[in-house]
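Enquirer: Quick one: sequence and predicted model below, then my questions.
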Amino acid sequence: MEHKALRVIISGGGTGGHIFPAVSIAGKLKEVNPETEILFVGAEGKMEMEKVPAAGYKIVGLKIVGLQRQLTLKNIINDLTVPFKVVGSVLKARKIIKEFKPDIAIGVGGYASAPLLFAATSMGIPALIQEQNGFAGLTNKMLGKRVGRICVAYENMERFFPADKIVMTGNPIRKEMVPATAEMKAEGIEMYGFDPGKKHILIVGGSLGSRTLNDAMKKWIDDGCPGGEGVQVLWQCGKYYKPETDKFMEGHKECKDIMHSDFIKRMDLAYAAADVVISRSGASSVSEFCATHKATVLVPSPNVAEDHQTHNAMALVRKDAALIVKDAEAAEKLMPAALELVHDQARITEIEKNVAQLALPDAAMKIVEEAYALLEK
């Protein structure tokens with residue numbers, strides 16, 4: 001298919017899980033035609049206003065907030081302002097569209113997607129949305145009836161969207177996320193100071209960290225690391241929890257086989273070195289585990305809308321492609337489950353084989369092809 005130069009608005013954000021796919025799609029659009037013009041539209045005060053310019057793209061912010069589900073006075077006041085901010089954001093979105101004159105609008109979920117894509121579709125601009133999760137978010141469910149294409153990463157999404165608009169593309173992920181070669185594994189083991197004769201567990205709490213995963217690790221260490229013989233652990237505790245983790249580990253200097261860090265620069269090599277990964281089950285993370293063929297123990301975060309991390313995890317668990325431990329049970333069950341798995345090579349091999357079959361590589365390119373196909377209609 002010929003890839004003519006386009007003018008594209010990409011909208012959404014709020015979390016890294018929305019921003020990374022958006023930037024990845026933009027990169028692929030520029031790759032297939034460097035003349036393509038891209039404008040991002042995000043929510044003022046959210047992380048996209050910093051991350052998108054850092055990736056080299058222009059972004060405009062809308063004064064939009066999401067509905068808060070917990071009943072507190074602050075949240076009630078917030079929710080009362082939402083309708084007014086939505087109306088203001090739709091009006092500003094219409095102005096942005098008139099000025100930029102896009103050929104197509106692409107939404108990746110998050111607060112800013114709703115007003116931008118609502119305005120675009122009402123003005124006759126072709127539109128596409130990408131739903132990263134196994135359980136569609138409120139914004140994308142509302143937009144599904146209005147847009148021309150819906151790119152998804154999980155099966156059975158016709159529960160949320162018109163079936164004739166759905167295309168299975170997968171989630172865009174970092175290009176370095178590939179199955180580990182023997183050379184990558186050796187490089188990862190050397191980089192993180194591992195002993196090649198031992199088994200290795202990687203705990204990924206995200207850039208800010210996860211209280212649940214950190215508490216599960218601390219309990220296991222306090223208990224004397226039962227079952228940890230011949231095992232080394234690389235523990236990403238996150239920036240927010242680094243000072244308290246440093247202090248905790250100061251009191252456990254006997255734990256020579258546990259390395260902790262707030263941030264992991266070369267995640268590809270950390271995955272390559274690990275026999276088992278422990279993680280939350282955000283959409284981008286799950287897609288990376290599929291692409292890297294990793295055996296994982298997933299602990300879905302309960303603090304996300306529509307409990308979509310549980311749906312993401314269960315899509316793998318149902319195909320025997322991951323293990324799951326509930327957040328509320330992590331302190332007691334997480335490390336025992338991970339250690340039992342890391343000592344069972346046959347089980348690891350079986351999970352790796354099953355998760356590999358769920359990988360959807362080249363998702364960004366597939367989404368770009370769908371955008372061009374929509375314009376051909």
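Expert: In hand now; what should we look at?
Enquirer: Contact partners for Glu40?
Expert: Heads up, residue 40 is Phe, not Glu. Ile9, Ile10, Ser11, Ala22, Ala26, Glu48, Val52, Tyr57, Lys58, Ile59, Val60 (C-beta atoms under 8 Å, 6 or more residues apart in numbering). Where you see a C-beta, it was placed from the backbone N, CA and C, and this is true even at glycine.
Enquirer: Weed out the non-buried ones from the residues you listed.
Expert: Ile9, Ile10, Ser11, Ala22, Ala26, Glu48, Val52, Tyr57, Ile59, Val60 (16 or more other C-beta atoms under 10 Å).
Enquirer: residue boundaries of the helices in the stretch 201-350 of the chain?
Expert: In the stretch 201-350 of the chain, the helices defined using DSSP state H, counting those that start in this stretch lie at 211-222, 242-250, 267-273, 283-292, 308-317, 330-342, 345-356.
Enquirer: who touches the fourth one?
Expert: Put plainly, it is helix 283-292. Outside helix 283-292, the residues within contact range by C-beta under 8 Å, 6+ apart are 16-17, 20-21, 132-134, 153, 170-171, 173-174, 177-180, 204, 267-268, 271-272, 277, 279, 296, 298, 308, 312-313, 315-316, 321-322, 355-356, 358-361, 363.
Enquirer: now it against helix 308-317, angle please.
Expert: Counting by axes from the mean of the first three to the mean of the last three C-alpha atoms, to 10 degrees, helix 283-292 lies at 20 degrees to helix 308-317.
Enquirer: Mind checking the pLDDT average for helix 283-292?
Expert: Averaging pLDDT along helix 283-292 gives 92.
Enquirer: Kindly report the same for the third one.
Expert: Averaged across helix 267-273, pLDDT comes to 95.
Enquirer: Let me know which of the helices of the stretch 201-350 of the chain is tucked in deepest.
Expert: helix 283-292 (a mean of 25; mean count of other C-beta atoms under 10 Å).
Enquirer: Can I get that one in PDB? Just the C-alpha atoms.
Expert: The C-alpha trace of helix 283-292 is given here as PDB (Å, rounded to 0.1, in the frame of the first residue of the first chain):
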ATOM      1  CA  ALA A 283      -1.600  -3.800  28.900                       C
ATOM      2  CA  SER A 284       1.900  -2.800  27.600                       C
ATOM      3  CA  SER A 285       3.600  -5.000  30.200                       C
ATOM      4  CA  VAL A 286       1.500  -8.100  29.200                       C
ATOM      5  CA  SER A 287       2.200  -7.400  25.500                       C
ATOM      6  CA  GLU A 288       6.000  -7.300  26.300                       C
ATOM      7  CA  PHE A 289       5.800 -10.600  28.200                       C
ATOM      8  CA  CYS A 290       4.200 -12.200  25.100                       C
ATOM      9  CA  ALA A 291       6.800 -10.700  22.700                       C
ATOM     10  CA  THR A 292       9.700 -11.800  24.900                       C
END
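Enquirer: Run the angle between that helix and helix 345-356 for me.
Expert: Following the same axes, to 10 degrees, one obtains 110 degrees for the angle between helix 283-292 and helix 345-356.
Enquirer: Alright, calling it a day.
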